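**Student:** Sharing a model prediction with you, sequence too.
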Amino acid sequence: MFFQEKGYLEVETPFRIPAPAPEAQIDAIPSDGWFLQTSPELCMKRLLAAGYPRIFQICRCWRAGERGSRHLSEFTMLEWYRAEADYRDLMDETEEMVRAAAGIDSITYRGEKIDLSLPWERVTVRDAFLRHTDTTAEAALAAGTFDEVMVEAIEPRLGIGRPTFIYDYPASCSALARLNAEDPSVAERFELYLGGLEIANAFSELIDPIEQRARFVAEAAQRASDGKQGYPMPEKFLAALADMPEAAGIALGLDRLVMVLLDAGSIDDVVAFTTEEL
């Protein structure tokens, strides 16, 4: 009801696709010459380009090599896209959605109370590095340790006590996001954390097909350098970008959100079957 009341149309797109986005750090699972989707992102953006201004979808997604107490290789994603909006608009809407899902003003996760009442914390990546580490985001990028520092030093401290949006990621960490017009060294991207756990990833969409192709080429080159499987270029998606309006989109891990709301110890506790049980 939340999305219908806001004028969103529920859509369904194919799970098996010929070409996923060639992101360096996300690996798709092959399926008879095509791939199982890592996200419905490319197809949903094509629907935006076709004239559907507000859309959402709850679907299954697959990513190779992801397994742990907080990760499943097959998981449930909630994605929504909104034309004529940016990442700050989606921060506001995400607050509304999570509060509506929780139905209460505070929850407890891993022994810590999380206050869901507004306002939620909003901190830039640069400020998070200054607050929680002895280095800077720029220095970590140059040293090749950005992801390591994020995971070990910063992420466990986000969303403690109240939810946290961490935003304005380095441009090189945001393959499909629009760069900030006032500071093009960062992209208009945010992630939401609850109790040290990443729940969602969102951004103002990049709609320039030339720039998007260049970024995909760079990501594909990085995949090749890392010895990873290459993907065909998603040409139909790139062609549709010319007709796509200004928009913002978000991917929210439903299994993880349920895990936090139920104070579950492991993501295994909120799914009917894990891979090992099949």
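**Tutor:** Thanks, I have it.

**Student:** quick one: the spatially closest residue to Thr275 that is not a sequence neighbour and Asp255, what's the gap?
**Tutor:** Beyond its immediate neighbours in the sequence, the residue positioned closest to Thr275 (C-beta to C-beta, 6 or more residues apart in numbering) is Ser73, lying 6.2 Å away. For glycine as for every other residue, the C-beta is placed from the backbone atoms N, C-alpha and C. Taking C-beta to C-beta, to the nearest Å as the measure, Ser73 and Asp255 are separated by 12 Å.

**Student:** Now Leu118: closest residue in space, sequence neighbours ignored.
**Tutor:** Glu95 (6.4 Å).

**Student:** In three-state terms, how would the one you found be classified?
**Tutor:** When the structure is reduced to helix, strand and coil (DSSP: H, G, I helix; E, B strand; the rest coil), Glu95 reads as helix.

**Student:** neighbours of it, just the number please.
**Tutor:** Under the neighbour criterion other C-beta atoms under 10 Å, Glu95 is assigned a count of 18.

**Student:** quick one: contacts for it?
**Tutor:** Glu95 makes contact with Leu118, Trp120, Pro163 under the criterion C-beta atoms under 8 Å, 6 or more residues apart in numbering.

**Student:** tell me the centre residue of the chain?
**Tutor:** Within the chain, the residue whose C-alpha comes closest to the C-alpha centroid is Asn201; the distance, by C-alpha atoms, centre = their mean, is 2.5 Å.

**Student:** secondary structure element for that residue?
**Tutor:** strand 197-204 (DSSP states H and E).

**Student:** elements contacting that strand?
**Tutor:** Helices and strands in packing contact with strand 197-204 are listed as helix 87-102, strand 186-194, strand 247-253, helix 254-261; criterion 3 or more C-beta pairs under 8 Å, 6 or more residues apart in numbering; DSSP states H and E.

**Student:** just checking, what packs against the last one?
**Tutor:** Using 3+ C-beta pairs under 8 Å, 6+ apart as the contact criterion, the neighbours of helix 254-261 among helices and strands are strand 74-83, helix 87-102, strand 106-109, strand 197-204.

**Student:** got it, and the second one?
**Tutor:** With contacts taken as 3+ C-beta pairs under 8 Å, 6+ apart, strand 186-194 sits against helix 87-102, strand 164-170, strand 197-204.

**Student:** Render the CA-only coordinates of it in CSV, please.
**Tutor:** Backbone C-alpha positions of strand 186-194 (Å, rounded to 0.1, in the frame of the first residue of the first chain) are rendered in CSV as follows:
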residue,chain,number,x,y,z
VAL,A,186,31.8,12.7,-5.6
ALA,A,187,28.7,11.0,-6.9
GLU,A,188,25.1,11.6,-5.7
ARG,A,189,24.9,8.2,-4.0
PHE,A,190,23.9,7.1,-0.5
GLU,A,191,23.7,3.9,1.5
LEU,A,192,21.4,3.3,4.5
TYR,A,193,22.8,1.6,7.6
LEU,A,194,20.8,0.1,10.6
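
**Student:** Flag every buried residue along that strand.
**Tutor:** Val186, Ala187, Glu188, Arg189, Phe190, Glu191, Leu192, Tyr193, Leu194 (16 or more other C-beta atoms under 10 Å).

**Student:** on that earlier part again, quick check: next helix or strand after the strand holding Asn201?
**Tutor:** Using DSSP H and E, the next helix or strand after strand 197-204 towards the C-terminus is helix 209-225.

**Student:** Can you dump the C-alpha atoms of that next one in PDB for me?
**Tutor:** The C-alpha atoms that make up helix 209-225 are tabulated as PDB, following Å, rounded to 0.1, in the frame of the first residue of the first chain:
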ATOM      1  CA  PRO A 209      24.600   7.500 -22.600                       C
ATOM      2  CA  ILE A 210      28.100   8.600 -23.700                       C
ATOM      3  CA  GLU A 211      29.400   8.900 -20.100                       C
ATOM      4  CA  GLN A 212      27.700   5.700 -19.000                       C
ATOM      5  CA  ARG A 213      29.300   3.800 -21.900                       C
ATOM      6  CA  ALA A 214      32.700   5.100 -20.900                       C
ATOM      7  CA  ARG A 215      32.200   4.000 -17.300                       C
ATOM      8  CA  PHE A 216      31.000   0.600 -18.400                       C
ATOM      9  CA  VAL A 217      34.100   0.200 -20.500                       C
ATOM     10  CA  ALA A 218      36.300   1.200 -17.500                       C
ATOM     11  CA  GLU A 219      34.500  -1.300 -15.300                       C
ATOM     12  CA  ALA A 220      34.800  -4.000 -17.900                       C
ATOM     13  CA  ALA A 221      38.500  -3.300 -18.200                       C
ATOM     14  CA  GLN A 222      38.800  -3.700 -14.400                       C
ATOM     15  CA  ARG A 223      37.000  -7.000 -14.500                       C
ATOM     16  CA  ALA A 224      39.400  -8.200 -17.200                       C
ATOM     17  CA  SER A 225      42.400  -7.000 -15.100                       C
END
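
**Student:** Good, wrapping up.
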